[in-house]
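A.B. asks: sequence first, predicted model second:
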Amino acid sequence: MILEEKINEPIMRLIGEQADKLGLPCFVVGGWVRDLFLRRESKDIDVVVVGSGIDLAESVAKALGRGAHLSVFKTYGTAQVKKGDLELEFVGARKESYRKESRNPIVENGTLEEDQKRRDFTVNALAICLNKEHYGKLLDPFDGLVDLQNKILRTPCDPDITFSDDPLRMMRGVRFACKLGFELDASTFEAIQRNRARIEIITKERIAEELNKIMLSSKPSVGWVLLDKVGLLSYILPELKALQGIEVKEYVGHKDIFLHTMQVLDNVAKAQDEQGEKKESYLWLRWAALLHDIGKPKTKQWSGKTWTFHNHNYIGMKMVGSIFKKLKLPQNEKMDYVKKMVDLHMRPISLVEDTVTDSAVRRLLFEAGDDVEDLMMLCHADITSKNAQKVEKYHQNFVLVQQKMVELEERDRIRNFQPPVDGQEIMELLHLPPSPVVGELKTAIKDAILDGIIPNEHEAAKAYLMQLAKEKQLL
Ligand code: ATP
Ligand code: MG
């Protein structure tokens, strides 16, 4: 869509008309204007009014008619109007001043320029007038358009003040750099380095929100590497920082696990993006990719010949729990999924290293369940050798495992396995009270199915149970 068409969209005209009726100077600002020039899709529209943003929001909501929903936040002097996909934010132009211990400013009414000055980056401080008299006029007091053309993120004011006032802006800077493919201007970059410790006044929830946006960009490694370069990584996720570096003993080194992790993360992002439609659930496989080797530093050992990382998947899985808690990431089935992926990420590799037995594949299907495709995507992404022949061979081996999975799944329906004879039936058939032996029998039936001794069917399982009971003299 060309720029003019977008600024002339009916909704923009409508906002301008309502502002004229109220006699309020009104401008569209921030991300929407930036994305207009970048020709990117933009969801929310931010509108600044010199005067009451709430008054304008009320009349816009009225003019939009049925289906429009208005929310007013009196304490902040802001209001939101939603209708279908449309999301409008209204705010009165304001001036801000900060105290040292908080990112919440003291707010006063201000001019448009004062409002633009309080914004985080020059490319986010562009404003376009919506009033009829100057409709479409760009107001760019900080040369944001030049920065936009040069793909530069620069603060409108002294960067040390900008970041010290609201340290969340440091995270936003890294996020925009990652998402838009922009660079931080040298003075902005250095100011983030100097103010990095201020990140500690930001709530973990806000930080996590930015991290998730970085994670969902097309090349998330750019964000994590930048977080490291500006010195924020040690504050946010020191466990990831600990993956950096190579140790050499007797001329044998191991790969830099941080760099490897970055590659795996980008591989997963690429594979998911190639699948088309962006899904919220993609986020969690990306977290699994980021954390898949997080247990390596704690498990690293020199065997005398090579470096080993025994059980790093298990230690890593445990660390996922503590990292999610610390970062205030969800403590629910999403975390369990990430834990499971980290725990299982070595299994397909060990499968292809040995001869691939049906039993081993069935067990993996049983443990991964419906997440087995995601696990295989992670495993493909985990192949980062520089040796092209090796890479090709590993990918092919995984494809063989995947074929075997499909065959076995068709035959044995293992992935959402429910034992064909449950505890209740075992107790009834054998006249047993609830006791540990019931659990043992259930496990024995499950193992027999996974090992291919009996098919995944009720009658076969019952017959096997009776045979076991006889052997154990339970009958
Ligand atoms: P996107 O919506 O694509 O994530 P955005 O730039 O629109 O990016 P929002 O969080 O929607 O970001 O904020 C809208 C605008 O408000 C920004 O463009 C910026 O001008 C301003 N802004 C938001 N957060 C801050 C902040 N912490 N400090 C200064 N200005 C901010
Ligand atoms: Mg926005």
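C.D. replies: All right, it came through fine. Numbering: from 1, shown residues only. Ligands and ions are numbered 1, 2, ... in the order given.
A.B. asks: in this structure R198 contacts I161, no?
C.D. replies: No - judged on CB atoms under 8 Å, R198 makes no contact with I161 at a distance of 11.5 Å. No exception for glycine: its C-beta is placed from N, CA and C like everyone else's.
A.B. asks: neighbour-wise, which of the two wins?
C.D. replies: Under the neighbour definition other CB atoms under 10 Å, R198 and I161 were set side by side, and R198 has more, 20 against 13.
A.B. asks: now the more buried one: closest residue in space that isn't a chain neighbour?
C.D. replies: P167 (4.0 Å; CB to CB, 6 or more residues apart in numbering).
A.B. asks: quick check: Y464 vs R206, distance?
C.D. replies: Relative to R206, Y464 is positioned 56 Å away (criterion: CB to CB, to the nearest Å).
A.B. asks: quick one, which of the two is more surrounded?
C.D. replies: Y464 (19 against 15).
A.B. asks: how about the residues of the chain by ligand 1?
C.D. replies: Contact residues (CB under 6 Å from any ligand atom) of the chain with ligand 1: G30, G31, D44, D46, R119, D120, N124, A125, D166, L168, R169.
A.B. asks: can you get me a residue count around the closest residue in space to the first one that isn't next to it in sequence?
C.D. replies: Distance criterion CB to CB, 6+ apart; nearest residue to G30, sequence neighbours excluded, is D46 at 4.2 Å. Summarising burial for D46: neighbours were counted as other CB under 10 Å, giving 21.
A.B. asks: and D46, what are its phi and psi?
C.D. replies: phi -100, psi 130 (degrees, to the nearest 10).
A.B. asks: surely it is in contact with F27?
C.D. replies: No - judged on CB under 8 Å, D46 makes no contact with F27 at a distance of 9.2 Å.
A.B. asks: what domains does the record give for this protein?
C.D. replies: 1-142, 151-236, 256-412, 423-471 (automatic domain parsing).
A.B. asks: what's near enough to touch L56?
C.D. replies: Applying CB atoms under 8 Å, 6 or more residues apart in numbering to L56 gives the contacts I15, Q18, A19, L22, L24, C26, V47, V49, F90.
A.B. asks: quick check: bridge partners of the closest residue to ligand 2 within the stretch 51-200 of the chain?
C.D. replies: The minimum distance from the stretch 51-200 of the chain to ligand 2, using CB to the ion, falls at E89 (7.9 Å). Beta-bridge pairing for E89 (DSSP bridges): D46, Q80.
A.B. asks: may I ask which of the residues of the chain next to ligand 1 has the most neighbours?
C.D. replies: Among the residues of the chain next to ligand 1, A125 has more neighbours than the rest - 27 neighbours, counting by other CB under 10 Å.
A.B. asks: hmm, back to that, quick one, phi psi at the residue nearest to R198?
C.D. replies: Dihedral angles of P167 (phi, psi; degrees, to the nearest 10) stand at phi -60, psi -10.
A.B. asks: follow-up on the earlier one: for K117, see how far away the residue of the stretch 51-200 of the chain closest to ligand 2 is.
C.D. replies: Computed as CB to CB, the E89 to K117 distance reads 19 Å.
A.B. asks: residue boundaries of the helices in the stretch 351-475 of the chain?
C.D. replies: For the stretch 351-475 of the chain, the helices defined by DSSP state H, counting those that start in this stretch occupy 358-368, 372-381, 388-412, 423-430, 436-450, 458-471.
A.B. asks: figure out which of those is closest to E239.
C.D. replies: helix 372-381 (18.6 Å; CB to CB).
A.B. asks: show me what that closest one packs onto, helices and strands only.
C.D. replies: On a contact count with 3 or more CB pairs under 8 Å, 6 or more residues apart in numbering; DSSP states H and E, helix 372-381 meets helix 257-274, helix 282-291, helix 333-344, helix 347-353, helix 358-368, helix 388-412.
A.B. asks: again, only using 7 Å
C.D. replies: Where contact means 3 or more CB pairs under 7 Å, 6 or more residues apart in numbering; DSSP states H and E, helix 372-381 is packed against helix 257-274, helix 282-291, helix 333-344, helix 347-353, helix 388-412.
A.B. asks: and E17, that's in a helix?
C.D. replies: Yes - counting by DSSP: H, G, I helix; E, B strand; the rest coil, E17 is part of a helix.
A.B. asks: how near is the residue nearest to G30 to ligand 2?
C.D. replies: For D46, the distance to ligand 2 equals 6 Å [CB to the ion, to the nearest Å].
A.B. asks: next one, pLDDT for that residue please.
C.D. replies: As summarised for this prediction, D46 has a pLDDT of 97.
A.B. asks: wait, it touches V29, no?
C.D. replies: Yes - between D46 and V29 a contact is recorded at 5.3 Å, counting by CB atoms under 7 Å.
A.B. asks: residue of the chain with the smallest distance to ligand 2?
C.D. replies: Nearest residue of the chain to ligand 2 (CB to the ion) works out as G31 at 3.4 Å.
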